[in-house]
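1. sequence first, predicted model second:
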Amino acid sequence: MASLLASAVEMKDGVVPPRLYVAVQTEIIGQDADNDISHIFVVRSTPSGNQVKPILENSLLQLSHALALGAAHAISLGIDRVCWREDLEYAWT
C-alpha cells in the first residue's frame, strides 16, 4: 500500500488520468485539517465519457486519511492508480 500511496498523482490541469483509477477529492475547510470533507470514487474512462462509482461521499476526513482509505479500496478492487485533488474554495490562507 505504501508504494500505491507514494505514486498517487495530483490531478492538475494538463494531467491525463489513467483509464481506471480511484479518485480522492478533499475540500479543505479553514486551517484545521480535522474539518476537511473528502469524497472517494472509482473512475473508469470510456469512449463515451467517464463512469463514476462513489465509494465514500461527504466524509469528515483529511486528505492523508482519505488517500490511505482510497488506496485500500484500490488494492481491494485490483486498481493500481490513485489520483487526488484538493478543493481550496473554503481554505484559509
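-> Here it is on my side, so go on.

2. the spatially most central residue of the chain: what secondary structure?
-> Nearest to the mean C-alpha position of the chain, counting by CA atoms, centre = their mean, stands residue 24 at 1.0 Å. Look at residue 24: counting by DSSP: H, G, I helix; E, B strand; the rest coil, its state is strand.

3. tell me the contacts of the nearest residue to residue 33 once chain neighbours are set aside?
-> In this structure, residue 33 finds its nearest non-sequential neighbour in residue 62, 3.8 Å apart by CB to CB, 6 or more residues apart in numbering. Placement of C-beta: from N, CA and C, glycine included. Going by CB atoms under 8 Å, 6 or more residues apart in numbering, residue 62 touches 26, 33-34, 36, 38.

4. and residue 62, how far is that from residue 44?
-> Noted for residue 62: a distance of 27 Å to residue 44, by CB to CB, to the nearest Å.

5. from the contacts of residue 62, which is closest to residue 88?
-> Nearest to residue 88 among those, counting by CB to CB, is residue 26 at 9.8 Å.

6. ok, now how distant is that closest one from residue 2?
-> 20 Å.
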